[in-house]
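**Q** quick one: sequence plus predicted model below, questions after.
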Amino acid sequence: MTQPKPKKNPSELRSQQWFGRQDRDGFAYRSWVKGKGVPHDQFDGRPVIGICNTFSELTPCNSHFRTLAEQVKIGVYEAGGFPLEFPVMSLGETLLRPTAMLYRNLASMDVEESIRGNPIDGVVLLMGCDKTTPSLVMGASSVDLPTIGVSGGPMLNGKWRGQELGSGTGVWSMSEQVRAGTLKLQDFFEAESCMHRSHGHCMTMGTASTMACMVEALGLGLPGNAAYPAVDGRRNVLARMAGRRIVDMVHEDQKISQVLTREAFENAIRTLAAIGGSTNAVIHLIAIAGRLGVKLSIEDFDRLGSELPCLVNLQPSGEHLMEDFCYAGGLPVVMKEISQYLHLDAVTANGKTVRENIEGAVNYEPQVIQPLDKPFKEKAGIAVLRGNLAPRGAVIKPSAATPALMVHRGRAVVFEDSDDFHKRIDDENLDVDETCVLVLKNCGPKGYPGMAEVGNMPLPPKVLRKGITDMVRISDARMSGTAYGTVVLHTAPEAAAGGPLAIVRNGDMIELDVPNRRIHLDISDAELAARLADWKKPEPPLSSGYWKLYVDHVLQADQGADLDFLVGKRGSFVPKDNH
Ligand code: FES
C-alpha cells in the first residue's frame, strides 16, 4: 500500500489561484460563493473538490444522483475538503436521439473545460447511464487531476409474472414476440413497469454495468463500485467514502494518469472478457486511453481477452442480473478468479493495489460467478475480425452469439441505411431466409451520425415465425450491450467513409469465420476496386452546427470514435483571470 503523503501546502493547490488571492479578483472569486452561505474559512487552502454530476430527469438512470452527490459532499467535508457540485451534459440512452453516442465527445468537452476553467483540485465523477461514464472519464483524463469515479449502481432486478426481466435484453426478446404475434400488446405494456422498478441503470451486463465494472477494474472506482444496486445503502456509503478519499488523493497528488496506466487497461480488457461485457467497452476504452496517451488497439482486446472464459452468468449472455451479481460478491470475486492474468501491483484510486482490493473476496453464489476451472463460457472475450470487408477491423461478441453460426457463408441481403431497413424488413416479399446475411450500411460514426446501436437488426417476421432467433448480421453500427446474437459490429472503415461495406450488393456471398478471425466478401479484388471507384460519398446529415463538427472530425471505431482534435491531454493549467 502506498503511504499517504503529507498534506499539500495550500499554495500548491490550483484552487488557491482563485480563492487565496488578496486582490480585486480574489474578492470576486470568494464573494459570489459566500453568497450561498459559505463561511470565510472554507477558502483557507483546503482542497476544493468538484463533484461532476450527470443528474437529469432526461437521463432516468441517473435520476438519484442528487442524493449521491450529497453523500460525496459529506465525505469531502469529513476529510477536510470543500466540495462544489457542478452539472455537465447528461447523456441518457433511452430518450436522446439520434443516439447518445453522437454526444459522448461533446459531453467530454464540457467535462474537460468545466474542470479546467474552475477552482478545482480534485474531482469526483458521478456516472451511470452508458455514455455518462466514458464522457466523464475522457474529459477528466484530458485534464489529469486527482479523480475518482462513482457509478450510480444498477436497478433492482426486473420481475414480471414470476420471471426475471432484464433491461434491454427483455425488450429485444419481447418485441420480437410481439412482431411474431406470440405476445399481446397489453402484456407488453404491463411488462414495461415491471422491468424498470427502481432507481439505477440497466441491470443486465449491458454497457452501463460493463462500464461500471471497467471503472472498478481500471482502479478508478472503489471496490464494490460495479455491483451495489442504486438503492442499496452501501451505494451511498461508497459515494461517501469516495468523497473522503478524493481529499487524500489531492494531498497525495495521485493523478488519474497514475491510475489509468497501460497495466490498468490490460486489467480492464481481461476483466471485460471474464464478465462477458459489452462490445461498446472496446470503443470507450480506446477513446479513454487516447486521451491519456496510452497506446491501446482493437488487437489488444483479441490478444489479451479472447482466450479468456466468461465466468459471469448474467444476461444478455446468461440468465442472472446485476442484483444477483452483487449478492455473489461482485467484481472483486471475478478479478480474484482471473488474478493470474492481472497486473496485481497496479495501484488504484483508494491507494491500495489490485491485489489488496481483491484478496478478501468470497464467492457466495457460484452459479452466478462461476470459477475459472468451470467457467460459464469458454473463450468468450471479444474477437476482432479482419478481411476485405473490414480492413481496419470489426468485432463480434462470441459469448452472445450462436455457436453454430460462428463459421457461416451466406447470401447478402443489403439495406442501404436504417430507413431502408425499417421500410423493408417486415415485407413478406423480402427475398430472405435464415441462411442469409443481413447487411446494414451507413450506421457508423459519420453515417448515422453517431454510430447508433442498430447493429442487432430485428429478424424478418417470416424467419421469426419458424422459431429462428438468430442470423448473421453485419454493419458499421454498434449494438446495445444488452443485446445478443451473431452480430458483426464496428466494421471499419464504415460505409459513409468509403469502407468496403459500402459496395456490398444483394446476392453477394459473405463468409464469416470467427475462429480464424475472418470476414470476407466473396468477390475478386478487381471487382472490389471497381465498385469502390464508383462509390459516391453520401451527403452529410447537416451542413452546420455540432453535427457537422462531429462528422468532419470523428475518428473511426477502431480508434475509439473520438474527435481527432480531442485526442490527448491538455492538462490542468490555470487559465487567465476572467476580468
Ligand atoms: Fe441507461 Fe441502460 S438506459 S443504462
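**A** Yep, it's here.
**Q** for the stretch 251-400 of the chain, which spans come out with low pLDDT?
**A** Along the stretch 251-400 of the chain, no part satisfies pLDDT under 70.
**Q** do a quick rundown of the helices in it.
**A** 256-259, 262-275, 280-292, 298-305, 322-328, 331-337, 354-358 (DSSP state H, counting those that start in this stretch).
**Q** redo those as CSV? Include mean neighbour count and distance to the ligand.
**A** C-beta: built from backbone N, CA, C; applies to glycine. Output for the helices of the stretch 251-400 of the chain, formatted as CSV (neighbours: other Cβ atoms under 10 Å; distance: least, Cβ to the nearest ligand atom, whole Å):
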stretch, mean neighbour count, distance to the ligand
helix 256-259, 21, 23
helix 262-275, 25, 16
helix 280-292, 26, 11
helix 298-305, 20, 22
helix 322-328, 24, 11
helix 331-337, 25, 17
helix 354-358, 20, 25
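**Q** so for Arg465, which of the ones you listed sits nearest?
**A** helix 280-292 (31.2 Å; Cβ to Cβ).
**Q** counting by contacts, list what the closest one packs against.
**A** Here helix 280-292 touches helix 132-143, helix 207-217, helix 262-275, helix 298-305, going by 3 or more Cβ pairs under 8 Å, 6 or more residues apart in numbering; DSSP states H and E.
**Q** chain center to it, what's the gap?
**A** For helix 280-292, the gap between its own C-alpha mean and the chain's C-alpha mean amounts to 9 Å (Cα atoms, centre = their mean, to the nearest Å).
**Q** and stretch 277-285, by the same measure?
**A** How far stretch 277-285 lies from its chain's middle: 6 Å, per Cα atoms, centre = their mean.
**Q** which residues in the stretch 401-550 of the chain form helices?
**A** Counting by DSSP H, counting those that start in this stretch, the helices of the stretch 401-550 of the chain are 418-424, 461-464, 525-534, 545-553.
**Q** circling back to that earlier point, possible to save the helices of the stretch 251-400 of the chain as JSON lines with distance to Asp130?
**A** As requested, these are exported to JSON lines (distance: least, Cβ to Cβ, whole Å):
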{"stretch": "helix 256-259", "distance to Asp130": "21"}
{"stretch": "helix 262-275", "distance to Asp130": "15"}
{"stretch": "helix 280-292", "distance to Asp130": "7"}
{"stretch": "helix 298-305", "distance to Asp130": "18"}
{"stretch": "helix 322-328", "distance to Asp130": "14"}
{"stretch": "helix 331-337", "distance to Asp130": "18"}
{"stretch": "helix 354-358", "distance to Asp130": "25"}
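**Q** nearest to Pro403, of these?
**A** Of all the helices of the stretch 251-400 of the chain, helix 262-275 sits nearest to Pro403, with 17.1 Å by Cβ to Cβ.
**Q** for the helices of the stretch 401-550 of the chain, which one ends up most surrounded?
**A** helix 461-464 (a mean of 18; mean count of other Cβ atoms under 10 Å).
**Q** hmm, who's touching it?
**A** Here helix 461-464 makes contact (Cβ atoms under 8 Å, 6 or more residues apart in numbering) with 176, 179-180, 426, 428, 430, 432-434, 471.
**Q** report pLDDT for the closest residue to Asp426 other than its chain neighbours.
**A** Residue nearest to Asp426 in three dimensions, not counting chain neighbours: Pro461, with 5.8 Å by Cβ to Cβ, 6 or more residues apart in numbering. Pro461 carries a pLDDT value of 92.
**Q** OK, contacts around the residue nearest to Ala561 when sequence neighbours are not counted?
**A** Nearest residue to Ala561 in three dimensions, chain neighbours excluded: Pro445, at 4.8 Å (Cβ to Cβ, 6+ apart). Pro445 is in contact with 451, 494, 550, 554-557, 561, counting by Cβ under 8 Å, 6+ apart.
**Q** look up how far the ligand lies from Pro445.
**A** For Pro445, the distance to the ligand equals 21 Å [Cβ to the nearest ligand atom, to the nearest Å].
**Q** of all the residues in the chain, which ones are close to the ligand?
**A** Contact residues (Cβ under 6 Å from any ligand atom) of the chain with the ligand: 61, 93-94, 129-130, 167, 201-202, 206, 208.
**Q** give me the beta-bridge partners of Leu165?
**A** On the basis of DSSP bridges, Leu165 is bridged to Gly158.
**Q** what's the neighbour count on it?
**A** Leu165 is flanked by 24 other residues according to other Cβ atoms under 10 Å.
**Q** does it really touch Met195, like I thought?
**A** Yes. Counting by Cβ atoms under 8 Å, Met195 is a contact partner of Leu165 at 4.7 Å.
**Q** who touches both of these two?
**A** Residues touching both Leu165 and Met195 (Cβ under 8 Å, 6+ apart): Gly158.
**Q** so which helix or strand of the chain has the lowest pLDDT on average?
**A** When the helices and strands of the chain are scored by mean pLDDT, DSSP states H and E, helix 169-180 comes last with a mean of 83.
**Q** what's that one in contact with?
**A** Against helix 169-180 from outside (Cβ under 8 Å, 6+ apart): 158, 160, 183, 185, 188, 191, 195, 204, 206, 315-316, 426, 456, 458-459, 461, 464-465, 469, 480, 482-484.
**Q** could you point out which element follows that helix?
**A** helix 185-195 (DSSP states H and E).
**Q** contacts for stretch 223-236?
**A** 64, 67-68, 71, 128, 149-156, 198-201, 203, 209, 212-213, 215-216, 238, 322-323, 325-326, 330-332, 350, 357-358.
**Q** that one spans what distance, first to last residue?
**A** Stretch 223-236 has an end-to-end distance of 13 Å (criterion: Cα to Cα, to the nearest Å).
**Q** distance from the chain centre to that stretch, please.
**A** For stretch 223-236, the separation from the chain centroid amounts to 18 Å (computed by Cα atoms, centre = their mean).
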